[in-house]
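**Student:** Whatever this is, show me its structure:
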Amino acid sequence: MQIQLSQIALDKLEAGYNPIILKKYVLGTGFGYIPSPDQTELEGDKVYEGTLSDPYVKNANVVKYSAYLDFDTGDFEYGEIQGYDSEGDLFFTAVRNGPVEKKKNGIEPGDSSALMSM
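**Tutor:** Now for the predicted structure:
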């Protein structure tokens with residue numbers, strides 16, 4: 001997965017903006033491209049959006065979020081994820097090499113398409 005912070009995110013980090021809290025994620029149909037800091041929207045079509053978990057601080061350099069997809073969410077494919085901060089600014093774009101299929105109630109044991117950790 002290719003992950004790129006947006007130019008707004010880079011500017012906020014450089015300016016010492018604190019705290020940065022991510023709130024929302026959006027899934028899109030695009031995949032197989034390298035995101036750029038200047039990207040402002042999904043390359044593909046939006047298929048789902050939701051609220052990110054509260055942050056988990058792993059250490060001074062790592063903060064983790066999770067994006068949960070309910071079992072009754074689907075059917076769609078996604079290959080790109082964008083995260084937005086509490087001010088509504090695009091913070092990152094993450095892109096997979098290929099799509100993930102999310103089927104409604106179709107989760108098999110060990111299937112990770114219902115949870116994404118970032």
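**Student:** Tell me the pLDDT of the closest residue in space to K64 that isn't next to it in sequence.
**Tutor:** Here the nearest residue to K64 in space, its sequence neighbours aside, is Y56; by Cβ to Cβ, 6 or more residues apart in numbering that works out to 4.6 Å. Every residue, glycine included, has its C-beta placed from N, CA and C. At Y56, the pLDDT value in this model is 91.
**Student:** Could you tell me how far Y56 is located from L42?
**Tutor:** For Y56, the distance to L42 (Cβ to Cβ, to the nearest Å) stands at 26 Å.
**Student:** neighbour-wise, which of these two wins?
**Tutor:** For Y56 and L42, the more surrounded residue by other Cβ atoms under 10 Å is L42, and the numbers stand at 22 against 11.
**Student:** Kindly confirm whether my reading is correct that that one touches Y33.
**Tutor:** No - judged on Cβ atoms under 8 Å, L42 makes no contact with Y33 at a distance of 10.8 Å.
**Student:** Now do the helices in the chain.
**Tutor:** Chain-ordered helices for the chain, with DSSP state H as the definition, fall at 7-14.
**Student:** Quickly list what the most centrally placed residue in the chain is bridged to.
**Tutor:** The central residue of the chain, meaning the one whose C-alpha is nearest the mean C-alpha position (Cα atoms, centre = their mean), is I81 at 3.6 Å. In this structure, I81 bridges to L27, A94 when assessed by DSSP bridges.
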